[in-house]
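**Student:** When you get a sec, could you give me coordinates for this:
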Amino acid sequence: MTSRLSAWLLLGWLAASAHHGAPGADGAASPAGSAAAGSTPLVLISIDGFRWDYLDRHPAPNLRRLAREGVAARGLVPVFPSKTFPNHYTIVTGLHPDRHGVVANTMADAVLGRFSLADRAAVEDGRWWGGEPIWVTAERQGLRAATCFWPGSEAEIGGVRPTYWLPYDGQLAGEERVRIVLGWLDLPADRRPSFLTLYWSDVDGAGHDTGTRSPETAAAIARVDRWIGLLLEGLEERGLFGRVNLLVVSDHGMADTPGEQTLVLEDFVDLAGVEVTGETPAIFLRPPPERVEPIRRALAAAHPVLTVWRRESTPRSWRYRDHPRIPPLIVAVEEGWNLREARGATGRPPPLGMHGYDPRLRSMHGILIGHGPGLAVNARVGRIENLHLYELMCHLLGIEPAENEGRLRAVRGLLAKGH
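**Tutor:** Sure thing, here's the model as predicted:
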């Protein structure tokens with residue numbers, strides 16, 4: 001065991017001492033392991049930005065093994081916007097962004113101010129995170145949860161944290177993350193978590209930097225697949241492979257965006273005095289009330305690949321109208337294009353791959369693979385909306401779901417017979 005790994009596990013133990021037994025929904029402490037004490041562990045694995053068809057394009061033997069021996073969907077359909085934080089949080093709450101409040105990777109709130117992925121204070125502030133994530137549901141019903149990175153897991157939500165959790169460290173090696181999860185599974189039964197998460201961003205980063213068909217993206221896929229292999233080997237060594245439920249997901253897919261296909265909002269409208277949030281390919285505008293309609297009209301005729309909506313007129317399928325953090329105007333470009341607020345705003349060239357487009361587009365769909373005693377064997381199912389995975393995970397853990405918008409019947413095909 002490396003010294004760095006030891007430090008991370010020590011942090012987990014300290015988190016256990018500080019946070020386990022947090023008040024439940026009725027204000028009373030939940031006794032450790034009281035509910036569903038014998039639950040089969042569930043490991044939720046996210047490979048950020050892994051397109052639904054990457055497995056068809058690239059040799060990824062460990063992921064292919066899980067898909068072949070277990071159950072795989074033909075795609076995992078994200079919510080709008082098809083971005084990292086909104087979709088990761090929808091997966092673990094079963095709520096649309098207009099219900100859980102994480103409406104974008106960068107957003108604004110009249111009381112809380114601005115939120116961004118890099119703002120540690122905002123990310124760790126539970127007031128940004130609505131709904132009830134699965135780790136809170138599990139903890140409130142007597143199970144332990146352990147998160148090796150997941151949006152929302154660093155905040156105290158509803159007065160509850162995972163028993164074991166880590167502050168996000170993008171530099172922590174993929175192998176180390178696997179060892180941490182295996183270390184948690186090695187804990188004594190009275191300390192072992194029943195719900196665990198594991199997250200990698202390598203495939204997403206390569207897709208943004210170099211596009212979906214580049215050697216760099218292929219190398220990132222191979223690298224993550226190797227880490228999946230380390231996890232499977234570790235489970236086999238412990239006699240746990242086939243006795244732990246594994247769900248491999250991605251938050252969204254990726255579309256290629258040639259650098260020359262970039263629009264700049266300030267080429268079409270004056271943004272002085274306008275609060276701007278979001279990022280390519282959808283930017284959100286909160287102008288002074290008297291400027292909302294003039295700006296909408298100016299952008300409506302600006303360019304053939306650009307569309308502007310008032311919040312109340314966004315496509316109904318997006319379910320993106322009701323939360324006050326959604327600004328009055330949503331501006332988006334078509335698949336394959338990037339949208340910037342101003343020239344030179346980021347100081348970097350436009351990305352060669354992007355997501356955030358309409359979730360109905362096939363390029364935005366991710367992967368969903370399941371393997372374990374509660375999941376189907378040698379099975380293929382159709383596309384599944386990620387909204388329904390919270391209900392699935394609660395069912396696998398034997399816990400009662402909190403209020404959510406998912407449906408267990410939508411994921412019945414993923415379950416083993418009789419489960």
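**Student:** Give the rounded mean pLDDT of the biggest helix by length in the chain.
**Tutor:** In the chain, taking DSSP state H as the definition, the longest helix is helix 215-237. For helix 215-237, mean pLDDT rounds to 98.
**Student:** which residues are contacting that helix?
**Tutor:** 43, 45, 47, 50, 54, 57-63, 65-66, 174-175, 177-179, 181-182, 185, 198, 200, 202-203, 205-207, 209-211, 241, 244, 248, 353 (CB atoms under 8 Å, 6 or more residues apart in numbering). (Glycine included, C-beta is placed from N, CA and C.)
**Student:** could you point out which element follows the lowest-mean-pLDDT helix or strand in the chain?
**Tutor:** Ranking every helix and strand in the chain by mean pLDDT, DSSP states H and E puts helix 3-19 at the bottom, with a mean of 43. Beyond helix 3-19 in the direction of the C-terminus, DSSP states H and E gives the next helix or strand as strand 42-47.
**Student:** mind checking the end-to-end distance for stretch 256-271?
**Tutor:** Terminal residues of stretch 256-271 lie 28 Å apart, using CA to CA, to the nearest Å.
**Student:** Please apply the same query to stretch 310-324.
**Tutor:** Termini of stretch 310-324 sit 13 Å apart (CA to CA).
**Student:** Show me the contact partners of whichever helix or strand comes after the longest helix of the chain.
**Tutor:** Elements were assigned by DSSP H and E; along the chain past helix 215-237, the next helix or strand is strand 245-249. For strand 245-249, the surrounding residues in contact (CB under 8 Å, 6+ apart) are 40-47, 63, 66, 70, 76, 91, 228, 366-375, 386, 389, 392-393, 396.
**Student:** Neighbouring strands of strand 245-249 in the sheet, and parallel or not?
**Tutor:** strand 42-47 (parallel), strand 368-371 (antiparallel) (DSSP bridges).
**Student:** Count the residues that sit near Gly94.
**Tutor:** The burial count assigned to Gly94 is 29, neighbours taken as other CB atoms under 10 Å.
**Student:** That one contacts Tyr390, correct?
**Tutor:** Yes - the pair Gly94 / Tyr390 is scored as a contact, 3.1 Å apart, by CB atoms under 8 Å.
**Student:** overlap in contacts of those two?
**Tutor:** Common neighbours of Gly94 and Tyr390 (CB under 8 Å, 6+ apart) are Pro401, Asn404, Gly406.
**Student:** Quick check: Thr147 is in a strand.
**Tutor:** Yes - under DSSP: H, G, I helix; E, B strand; the rest coil, Thr147 falls within a strand.
**Student:** How about it: which residues does it bridge to?
**Tutor:** Applying DSSP bridges, one finds that Thr147 bridges with Trp165, Thr197.
**Student:** surely it meets Pro167?
**Tutor:** No - counting by CB under 8 Å, no contact exists between Thr147 and Pro167, whose distance comes to 10.5 Å.
**Student:** ok so, going back, need the strands paired with strand 245-249 in CSV with mean neighbour count, mean pLDDT and distance to Asp125, can you?
**Tutor:** Formatted as CSV, these follow (neighbours: other CB atoms under 10 Å; pLDDT from 0 to 100; distance: least, CB to CB, whole Å):
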stretch, mean neighbour count, mean pLDDT, distance to Asp125
strand 42-47, 26, 98, 22
strand 368-371, 27, 98, 30
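**Student:** Go through the ones you listed and name the closest to Leu112.
**Tutor:** Relative to Leu112, the nearest member of those by CB to CB is strand 42-47, separated by 25.5 Å.
**Student:** ok, and what's touching the closest one?
**Tutor:** Here strand 42-47 has contacts from 88, 91-92, 134, 150, 181, 194-200, 203, 224, 228, 231, 244-251, 367, 372, 393, 396-397, using CB under 8 Å, 6+ apart.
**Student:** 6 Å instead, please
**Tutor:** Strand 42-47 is contacted from outside by 195-200, 203, 224, 245-250, 396-397, using CB atoms under 6 Å, 6 or more residues apart in numbering.
**Student:** Also stretch 324-332?
**Tutor:** So stretch 324-332 is contacted by 103, 107, 109, 281-286, 292, 296, 299, 307-309, 311, 314 (CB under 6 Å, 6+ apart).
**Student:** 8 Å instead, please
**Tutor:** 98, 101, 103-104, 107-110, 265, 275, 277-278, 281-287, 292, 295-296, 299, 306-311, 314, 320, 339, 356-357.
**Student:** Next, the contact list for the residue lying farthest from the centre of the chain, please.
**Tutor:** The outermost residue of the chain relative to its centre, with distances by CA atoms, centre = their mean, is Glu290 at 36.3 Å. Residues counted as contacts of Glu290 (CB under 8 Å, 6+ apart): none.
**Student:** doesn't it fall inside a strand?
**Tutor:** No - counting by three-state DSSP, Glu290 falls outside a strand, being helix.
**Student:** Please tell me how far it sits from Ala298.
**Tutor:** Glu290 sits 14 Å away from Ala298, going by CB to CB, to the nearest Å.
**Student:** repeat for Glu233
**Tutor:** Distance from Glu233 to Ala298, by CB to CB: 58 Å.
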